[in-house]
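Q: Quick one: sequence and predicted model below, then my questions.
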Amino acid sequence: MKKSPSLQIVSILLFGVAVFLISYKLTNGIFLTEVFENGLSYKVTYEFDYKKGEKDSTFYIKAFLPQDNSRQHIKDVQHQSGTASFSKEQFSSNEMGLWNGEIFDQKEQIRYSFRADVKPVRYDIGAGLLLADVQNSQSEFVQPSTFIESNDPRIEKLAFDLTATDKKADAVLSSLFNYVYEIPAQSTKELMTAVEALEINAASCNGKSRLFVALCRNLNLPARVVGGIILNEEKKKTSHLWAEVLIENEWVAFDPLNGYYAYLPANYLEVYKGDEFLVKRSSDMLFDYNYNVELIEQEVGFVEQLNMFTIAGKTGMSAKILSLMLLLPLGSLIVAIFRNVIGLRTFGVFLPVLIAISFISTGLVFGVISFVAVLLFVSLMHYPLMKWGILHVPKLVAMLAAVVFVMILVLVSGVQLNMGDMVNLTFFPIVILTISAEKYARIVVEDGFVNASKILFQTLIVTLFCYIVVGSEMINLIVMNFPEVLLLVALTSLMLGKWIGLRISEYRRFGWILS
Amino acid sequence: MFGRFNKIKKEFLGINNRNIGFVFPSNPRKHYKLADDKVMAKSILEKHEIPCAVTYAVIEKIGEIPAIWEQMQKYDKLAIKPANGSGGEGIKILFKSERGTWLSGGEEMSDDQIYLFLATIIMGFFSLGSTDRVLIEECIVPHDCFHSIYPAGVADLRIILYKEQLALGMLRVPTDQSDGKANLHQGGLGIGIDLESGKMTEGYNGTEYFINHPNTDAPICGIEIPFWEEILELSLKTAQHFPLKYLGVDIVIDKVKGPLIMEVNVRPGLGIQMVNRKGLRGILKKIDQRG
């Protein structure tokens, strides 16, 4: 075999670049599981300055630390705590930083900073969702608490007055939300309970959120308050409180102070769940604190950009289409391996992949049945066209027109019979399917029905394997995060293209002579 | 178990190895058409006076059809072929009836029908869409030397040559199942040939080996192929004059003219190994070693 040095160099390059990119991303923890769109990045610093008070020689400071969730990602934590010792502890579902130690006459400081990548989230409350679907009297999140007096008669009366006739969850939540939103806003750092907010009829974020949660809980809607920081470029002392309602197993955010209904803007950093205080400390100390927020200009490096979820977020392209784009070569590689190593025969190289992709939408069983049906339909059409001596290209066009027309008929009858499944037929790669069906028909004519059926069967086997790969959530995540696997696909194909071993089917074919 | 795998691996040539090891390096892509296009293949054969069917005409444009067809009227029988057809598709054999009309497969064809057929070839019906040329040539009358094995259809020989040296050969005869054709995958019977002696070995139909023809029961094993020396000479000469160093040469024995080259193939099939019960890999390796 001729060795080509250029091929070897290209192979090594492909391998090297792919391995470099993948390992860079792995070591830097660049891995996304969904589209990260219109995100913002901030550097947030908890700045605590403290000094000895009257008499105590020890102190503690506790502060909640934000955690990752579906809309925020925390990284690059930097920490400097002077003489204090630092530990982390779990506090129900929250994480809390605890600083303690000796305290002295001279001022000391704690700086805890992190980078927060945040993005907005909009929730969808189904228009048909009934109040009863959301209500859960057994939930721990409908119980009254010290500051959220949801069983108070005044709360009870208001909740009833606002929602007496509503049956839909969305309508009930809107009424409650609007009432609380309309209460005049007041900027106070004082703690205000739900009832106080109601009575005073003026409240800041914490009073409004507690009142909204109390009204929800009174109606047996599981709800809680959530604390965090609104990220604007400033140094500030105020934290923020908003509310969440558990709707269909998802905590849906509401901010009755700023008027965000089932929506959170990008710059909301969630720090803790529940009716807590962001920072607690020992009382006998001189203490000053600030949350310092800086916007990080998004200068994402090339390698970080090389992530299909990021690309989807930046360009607005559908992540699904991008993933299919990547899965196409991967699936084709599987077809190539089946053909060149195992020796199965398939109609075309791309047909099994494309069909497998369409199976994701149609479902496997319905997909296989429709695929075979379309194939048989086209090959039946081939007979008269061949008999009439229609030229190749016009024949393909005629078949294509017929296939599309039949699909429309199927769609119409699907609508008439109320069979939604039929709509999925449109996911078939019609052009490739028609060309392959024509090929199938020719094989039927030239090699007989039995041979053609054998190839069809082998095509289906390969399609099934492609479906397993293309439909796998894990493989999907891998290619989306590491599009450079395409380089490895190319490398494997190059090696496959230079592989001179016998195909497995040939062992059988030739081995038969020896026996 | 593994011994057997190794034996298969060492002896037999698979598709991957044929393409990467032999077809690609020995046959430059740009020269494929010299074999794939029957008109071009014949021009090389004719140039070097290698016996082949006489070319009556080549039609390149639809407008030339009536004039050229007029010239064809002097012949009694002829074969019409698409230059780029494959697998014998689009080949029509025409005989002139006593009344002077043309017959194809026993049925009369009017001039209009023939024009249409010729135009269809040019428009690419048999070459998957790209325009093509029509080759009209002498219709070969098969020598009756193989009629004792099977009386109908046309038997032909396939010789595989590598670096202008003989590798393997087989004879293909029609069967009741093959509709007069001799191609293996169309149901023809392949018969192995001992290249040294020119004697037939066994028949193979894709599933079984035979020492007699499965339909006629005529013995095969040990029968000598006539014109054997000429056939070998012809194959070697063909291999010499084509810039394709791994090729399959198809030969038919004409009643009057003896062996004629019918076709040259750049990707000869691997079934010939089954027919001969011999692997090509070892044979080609020996040729490589001889240089």
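A: That came through, no problem.

Q: other SSEs contacting the top helix by length along chain A?
A: Longest helix of chain A, by residue count under DSSP state H: helix A:430-470. Packing partners of helix A:430-470 (3 or more Cβ pairs under 8 Å, 6 or more residues apart in numbering or on different chains; DSSP states H and E): helix A:319-337, helix A:351-362, helix A:364-387, helix A:392-416. (Each C-beta comes from the backbone N, C-alpha and C, glycine too.)

Q: Let's have these in JSON lines, adding mean neighbour count and distance to chain B.
A: Formatted as JSON lines, the helices and strands packed on helix A:430-470 follow (neighbours: other Cβ atoms under 10 Å in any protein chain shown; distance: least, Cβ to the nearest Cβ, whole Å):
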{"stretch": "helix A:319-337", "mean neighbour count": "18", "distance to chain B": "11"}
{"stretch": "helix A:351-362", "mean neighbour count": "24", "distance to chain B": "17"}
{"stretch": "helix A:364-387", "mean neighbour count": "16", "distance to chain B": "10"}
{"stretch": "helix A:392-416", "mean neighbour count": "15", "distance to chain B": "4"}
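
Q: Redo the ones you listed as CSV? Include mean pLDDT.
A: Output for the helices and strands packed on helix A:430-470, formatted as CSV (pLDDT from 0 to 100):
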stretch, mean pLDDT
helix A:319-337, 91
helix A:351-362, 84
helix A:364-387, 83
helix A:392-416, 83
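
Q: Would you map the helices across chain B?
A: Using DSSP H, helices in chain B cover B:2-11, B:15-17, B:24-26, B:32-36, B:38-47, B:65-72, B:111-122, B:228-241, B:272-276, B:280-290.

Q: what's the closest of these to A:Leu400?
A: Of all these, it is helix B:111-122 that lies closest to A:Leu400, at 21.1 Å by Cβ to Cβ.

Q: So for that closest one, what gets flagged as buried?
A: Neighbour counts over helix B:111-122 (16 or more other Cβ atoms under 10 Å in any protein chain shown) mark B:114, B:117-122 as buried.

Q: What of stretch A:119-131?
A: Buried, per 16+ other Cβ under 10 Å, within stretch A:119-131: A:119-121, A:123, A:125, A:129, A:131.

Q: Equivalent analysis for stretch A:47-54, please.
A: A:48, A:50-52.

Q: go on, stretch A:71-91?
A: A:71-74, A:81, A:84, A:86.

Q: Which ones among these map onto strands?
A: A:72-74, A:86 (DSSP state E).

Q: Of the buried residues of stretch A:47-54, just say which sits nearest to chain B.
A: A:Phe48 (69.3 Å; Cβ to the nearest Cβ).

Q: Backbone dihedrals for the closest residue to that closest one other than its chain neighbours, please?
A: Counting by Cβ to Cβ, 6 or more residues apart in numbering or on different chains, A:Ile110 is the residue found nearest to A:Phe48 once chain neighbours are left out, at 4.1 Å. Backbone torsions for A:Ile110, taken as degrees, to the nearest 10, come to phi -120, psi 130.

Q: Can you report how many residues neighbour A:Ile110?
A: 20 (other Cβ atoms under 10 Å in any protein chain shown).

Q: How confident is the prediction for it, by pLDDT?
A: pLDDT for A:Ile110: 91.

Q: Phi and psi next, for A:Asn232.
A: When quoted as degrees, to the nearest 10, the phi and psi of A:Asn232 stand at phi -130, psi 160.

Q: who's in contact with residue 109?
A: I'll assume chain A. A:Gln109 makes contacts with A:47-50, A:80, A:82, as judged by Cβ atoms under 8 Å, 6 or more residues apart in numbering or on different chains.

Q: Chain B was what I was after
A: Counted by Cβ under 8 Å, 6+ apart, B:Met109 has contacts B:94, B:101-103, B:117.

Q: Okay, now the unreliable bits of chain A?
A: A:1-2, A:35-38, A:298-300, A:419-427, A:514-515 (pLDDT under 70).

Q: ok, which residues in it are in contact with chain B?
A: Taking Cβ under 8 Å from any Cβ of the partner chain, the part of chain A that reaches chain B is made up of A:1-2, A:340, A:343, A:389, A:391-393, A:446-447, A:497-503, A:506-507, A:509-511, A:513-514.

Q: Contacts only, for the residue nearest the centre of chain B.
A: Compute the mean C-alpha point of chain B, and by Cα atoms, centre = their mean the closest residue is B:Asp250, 3.5 Å away. B:Asp250 makes contact with B:156-158, B:261-265 under the criterion Cβ under 8 Å, 6+ apart.

Q: among the residues you listed, who's most crowded?
A: Of the contacts of B:Asp250, with other Cβ under 10 Å as the count, B:Arg158 tops at 27 neighbours.
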